[in-house]
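Peer 1: Quick one, structure for this:
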Amino acid sequence: MTTLTMPRRAWVEQVMGLPISIHLRGPSVRNVDVDECVQATYDELRAIDLLFSTYRPDSEVSRFNRGELALADAHPLLREVAVLCDLARRRTHGCFQSWLPNPDGGTWWDPSGVVKGWAAERAAHRLSRLAGHDVSVNAGGDIAVSPGRYDSTPWRIAVEDPDRRGPGGPPLAVVPLAAGGIATSGTSARGLHIHDPHTGRPADKVRAVTVVGPSLVWADVYATAAMVMGPAALDWLESLAEYDGLVVGPQGVQATSGLSATVTQG
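Peer 2: I've put the predicted structure just below:
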């Protein structure tokens, strides 16, 4: 039996204000211990939301921003994400930034641009303990996958066309992914929500960027940074070791060499 013919099962719950779905392929997806592992994973995702939510006044992020909590005294996961945010800023030459303008003037720390991908990747890693089962965790369209067997079949992941969104719309590309992550940043779902940290202006030079590579955390960070870079992002993505990308911009759909064969539309 191959992973394509193995039993499959899916769960979906609303966490962090978005649907997070878990997909498993393997021989024991109907077993009670699998259900327990999935529910424990959702419980951990909810606990992460309690720590990092910028909307909850009692979250550690909110307390940190009000000056009520020092980073040194924060939860270890908060400190871990703070390190990732700083590394993301440096790796992207400042195009990714977690210190953002707040409504009252000044700045506040909003790690949301790291947290979603980081949390989904943690969830996939936790579920990979289910030996012999392929794992896919989809957090609002950003996906982390983990293979469970040496002969695991890659998941085939459709990249949505920002101009033809919705069920049944033809994809821009279909990307095979056996391990790692794929993330998309763009304007079609949430409008001009990404801003250039250097200018404060909306990142509006390209419509969407999709990045794929060995880590969902970094695929997500690089996709956000590439939106800020605009048309220059393609060359930057091409220079990244182990990562590839698709850019939808003034020149149409452009892909790095590692993804050019997956594009289904010109």
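Peer 1: Near residue 146, how many other residues are there?
Peer 2: Neighbour count of residue 146, defined by other Cβ atoms under 10 Å: 23. All C-beta atoms are positioned from the backbone trio N, CA, C, and that covers glycine.
Peer 1: Now do the phi/psi pair for it.
Peer 2: Main-chain dihedrals, residue 146, degrees, to the nearest 10: phi -140, psi 130.
Peer 1: if I pick it, what's in contact with it?
Peer 2: By Cβ atoms under 8 Å, 6 or more residues apart in numbering, residue 146 lies in contact with 124-125, 127-128, 134-135, 179.
Peer 1: same thing with residue 140?
Peer 2: 18-20, 116.
Peer 1: Buried subset of the residues you listed, written for ChimeraX?
Peer 2: The ChimeraX command for the buried members of the contacts of residue 140 (criterion: 16 or more other Cβ atoms under 10 Å) is given here:
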select :20,116
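Peer 1: Among the contacts of residue 140, which lie within helices?
Peer 2: Filtering the contacts of residue 140 for membership in helices, criterion DSSP state H, returns residue 116.
Peer 1: need the longest helix for the protein.
Peer 2: Secondary structure of the chain per DSSP H: the longest helix is helix 32-52.
Peer 1: Could you tell me how far that helix lies from the centre of the chain?
Peer 2: Using Cα atoms, centre = their mean, to the nearest Å, the mean C-alpha position of helix 32-52 is found 18 Å from that of the whole chain.
Peer 1: any weak-confidence spans in the stretch 101-250 of the chain?
Peer 2: Across the stretch 101-250 of the chain, the ranges flagged by pLDDT under 70 are 165-168, 188-192.
Peer 1: where exactly do the helices run in it?
Peer 2: Assigned by DSSP state H, counting those that start in this stretch, the helices in the stretch 101-250 of the chain fall at 112-127, 216-229, 233-239.
Peer 1: For residue 67, which of these is the nearest?
Peer 2: With distances scored as Cβ to Cβ, the stretch of these nearest to residue 67 is helix 112-127 (19.9 Å).
Peer 1: tell me the angle that closest one makes with helix 32-52.
Peer 2: 160 degrees (axes from the mean of the first three to the mean of the last three Cα atoms, to 10 degrees).
Peer 1: for helix 112-127, which positions count as buried?
Peer 2: Within helix 112-127, the residues scored as buried using 16+ other Cβ under 10 Å are 113-124, 126-127.
Peer 1: what about the strands in this structure?
Peer 2: Counting by DSSP state E, the chain has strands at residues 8-15, 18-25, 99-101, 107-109, 134-139, 142-146, 155-159, 173-177, 180-186, 208-213, 244-249, 252-255.
Peer 1: Partner strands of the third one, with direction?
Peer 2: Strand 99-101 has the following strand partners under DSSP bridges: strand 107-109 (antiparallel).
Peer 1: Equivalent analysis for the last one, please.
Peer 2: Each strand paired with strand 252-255, and its direction, by DSSP bridges: strand 244-249 (antiparallel).
Peer 1: residues making contact with the strand it pairs with?
Peer 2: Strand 244-249 is contacted by residues 159, 161-162, 172-173, 186, 205-213, 222-223, 226, 230-231, 233-234, 237, 253-259, 263 when judged by Cβ under 8 Å, 6+ apart.
Peer 1: Convert it to CSV, retaining C-alpha atoms only.
Peer 2: Taking Å, rounded to 0.1, in the frame of the first residue of the first chain, the C-alpha atoms of strand 244-249 are listed here in CSV:
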residue,chain,number,x,y,z
ASP,A,244,12.0,29.1,-4.2
GLY,A,245,9.2,31.5,-5.0
LEU,A,246,6.5,32.7,-7.2
VAL,A,247,5.9,36.4,-7.7
VAL,A,248,2.6,37.8,-9.2
GLY,A,249,3.4,41.4,-10.3
